[in-house]
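Novice: Okay, here's the prediction I keep looking at, along with the sequence it came from:
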Amino acid sequence: MFILKQSALFIPAPKITTIGTLCNLFFPSPQAFIVRSLTALSLGYALGSKFDTENLPNSPLKTTINKTRKRNMVKKSTQNSKNNRIEQQAEKRINNKLAMFRGLFVFFFLLLTGYFSFRIYSEYQLYVDPVNVYGEWIEIGAPPYLTERLTLSEQGVFRNNRLVATQYQFDGKRIIVETGNGLTIYQVAGSESSPQLRRLQPATPVQRFVKKGYEDTITESASGGAQNRRAALSEHFNSSN
C-alpha cells in the first residue's frame with residue numbers, strides 16, 4: 001500500500017487573480033446564481049411592497065417590521081391631524097374675517113340709508129312747510145281801490161285784513177283754501193327774486209299776486225295787461241246791469 005506523506009497532501013489556497021475566479025468564489029455554479037438572484041428579487045419586492053407580515057413566523061424581523069409600520073402609521077396620523085387642525089384654523093380665521101366684513105358692510109349701508117332717508121325727509125318737510133308762503137301778497141294789475149291783499153300766516157288766511165279761513169293746505173306748489181264760498185286754489189309762480197302766486201280756481205277773473213316787498217320786480221307790461229283785463233270785465237258787468 002502506497003502511503004503519501006501529510007506534506008504531500010497539503011495544497012496551498014489558490015490566489016484570486018481574475019474576475020472569473022471571483023465569480024467562481026461567490027457563485028460556484030450557474031444554477032446557484034439563478035437561485036440566489038430569484039431569492040434577492042423576491043426579498044426586494046416584498047420589502048418594497050410592504051410585504052404581509054402575518055404569514056411570517058414570530059421573529060425579531062416581524063416584530064421590527066410591525067413596530068416600524070405602527071410608528072409610520074402614528075406619525076402619518078399625527079401629521080394628518082396637524083394638517084387638519086391648521087386647515088380648520090385657517091378656514092375659521094377666513095370665516096371670521098368674512099363675517100366681520102359683512103357686518104361692517106351692513107352697518108355702513110344702514111348708516112348711509114338712514115342718513116339719506118333723514119335728509120330726504122328733512123328736505124321734503126322744508127319744501128312743504130307753510131312758512132315758505134307766509135306773508136302779505138298783493139294783487140298785480142288791479143286799480144288801487146280794487147287791489148286785493150292776501151295774507152297767509154299761522155292764524156289762517158286773511159283777505160283784505162278779513163279772516164276767511166283758519167287753516168289751509170300747502171304741498172310745496174299749491175295753496176288750497178276752503179271757505180264758505182267754496183274752494184280756492186293758488187299756485188306758486190315766479191322765482192326766488194320775484195315770488196308770485198297765481199289763482200287757479202276760480203279761473204276767472206285771472207288773478208296774480210306778488211309778495212310784499214317785491215313789487216318793483218313786476219314789469220309794467222304785465223301790470224298793464226292785468227289792469228286792462230280787470231277794467232274790461234268791470235265795464236262788461238256794469239253795462240249788463
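Specialist: Yep, that arrived.

Novice: Show me the shaky parts of the protein.
Specialist: For the chain, residues meeting the criterion pLDDT under 70 lie at 1-62, 220-241.

Novice: Tell me how the protein divides into domains.
Specialist: The domain map for the chain lists 70-128, 132-236, with the assignment taken from the TED database.

Novice: Point out the most buried one among those.
Specialist: Among the domains of the chain, domain 132-236 has the highest mean neighbour count (mean count of other CB atoms under 10 Å), at a mean of 14. Yep, even glycine has a C-beta here, placed from its N, CA and C like the rest.

Novice: Can you add distance to residue 63 and give the domains of the chain back as JSON lines?
Specialist: Compiled in JSON lines, the domains of the chain are given as follows (distance: least, CB to CB, whole Å):
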{"stretch": "domain 70-128", "distance to residue 63": "11"}
{"stretch": "domain 132-236", "distance to residue 63": "98"}
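
Novice: Now do the SS call for the residue lying closest to residue 184 once chain neighbours are set aside.
Specialist: Leaving aside its chain neighbours, residue 184 sits nearest to residue 177 (4.6 Å; criterion: CB to CB, 6 or more residues apart in numbering). Here residue 177 is recorded as strand under DSSP: H, G, I helix; E, B strand; the rest coil.

Novice: My guess is residue 177 contacts residue 165. True?
Specialist: Yes - with contact defined as CB atoms under 8 Å, residue 177 counts as touching residue 165 (5.1 Å).

Novice: Show me whatever sits in contact with both of those two.
Specialist: Shared contacts of residue 177 and residue 165 (CB atoms under 8 Å, 6 or more residues apart in numbering): residue 157.

Novice: next helix or strand past the lengthiest helix in the chain?
Specialist: Across the chain, the helix with the greatest residue count (assigned by DSSP state H) is helix 60-127. Sequence-wise, the next helix or strand downstream of helix 60-127 (DSSP states H and E) is strand 135-139.

Novice: So which elements touch that following strand?
Specialist: When contacts are defined as 3 or more CB pairs under 8 Å, 6 or more residues apart in numbering; DSSP states H and E, strand 135-139 sits against strand 149-153, strand 208-211.

Novice: closest one to residue 66 among the ones you listed?
Specialist: strand 149-153 (104.6 Å; CB to CB).

Novice: List the neighbouring strands of the closest one plus their orientation.
Specialist: Strand 149-153 sits in its sheet next to strand 135-139 (antiparallel), strand 156-159 (antiparallel), going by DSSP bridges.

Novice: between these, which gets nearest to residue 102?
Specialist: strand 135-139 (53.0 Å).

Novice: which residues sit against the closest one?
Specialist: Taking CB under 8 Å, 6+ apart as the rule, strand 135-139 contacts 147-152, 197, 207-212, 215.

Novice: can those residues go into a markdown table with extra columns for distance to residue 97?
Specialist: Output for these, formatted as a markdown table (distance: CB to CB, whole Å):
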| residue | distance to residue 97 |
| --- | --- |
| 147 | 74 |
| 148 | 71 |
| 149 | 70 |
| 150 | 65 |
| 151 | 65 |
| 152 | 60 |
| 197 | 61 |
| 207 | 68 |
| 208 | 66 |
| 209 | 65 |
| 210 | 64 |
| 211 | 61 |
| 212 | 65 |
| 215 | 68 |
